[in-house]
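>>> Structure for the following, please:
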Amino acid sequence: MIAELQQAVAHYAHALDELNVPELEAVLTEDTTWTFTTPGQGVLGPVAGRAAVLD
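You can find the predicted model right below:
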């Protein structure tokens, strides 16, 4: 179970680093939510749903 979680995190990180949308889409669930911070804009989100996150 832990190895599966580590692999999922590795796939997520790689997809995000490479801006690989198809790979990221394969990792995220339909009910994904993101909240993130960007310099100069502060906290953005939460963004709810895989489609909204990928958009």
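
>>> could you point out the longest helix in this protein?
Ranked by residue count, the top helix of the chain under DSSP state H comes out as helix 2-18.

>>> Pull the distance from that one to the chain's centre.
10 Å (CA atoms, centre = their mean, to the nearest Å).

>>> And stretch 45-54, by the same measure?
Counting by CA atoms, centre = their mean, stretch 45-54 is centred 9 Å from the centre of its parent chain.

>>> in the longest helix of the chain, what's buried?
Residues of helix 2-18 classed as buried: Ala15 (neighbour count, 16 or more other CB atoms under 10 Å). Yep, even glycine has a C-beta here, placed from its N, CA and C like the rest.

>>> So which elements touch that helix?
Applying 3 or more CB pairs under 8 Å, 6 or more residues apart in numbering; DSSP states H and E, one finds that helix 2-18 contacts helix 21-27.

>>> buried sites along the helix it packs on?
Per 16+ other CB under 10 Å, helix 21-27 contains these buried residues: 24, 27.

>>> Regarding the residue of the chain most remote from its centre, what is its secondary structure?
For the chain, the largest distance from the centre (CA atoms, centre = their mean) belongs to Gly40, which lies 21.2 Å off. The three-state label given to Gly40 by DSSP: H, G, I helix; E, B strand; the rest coil is coil.
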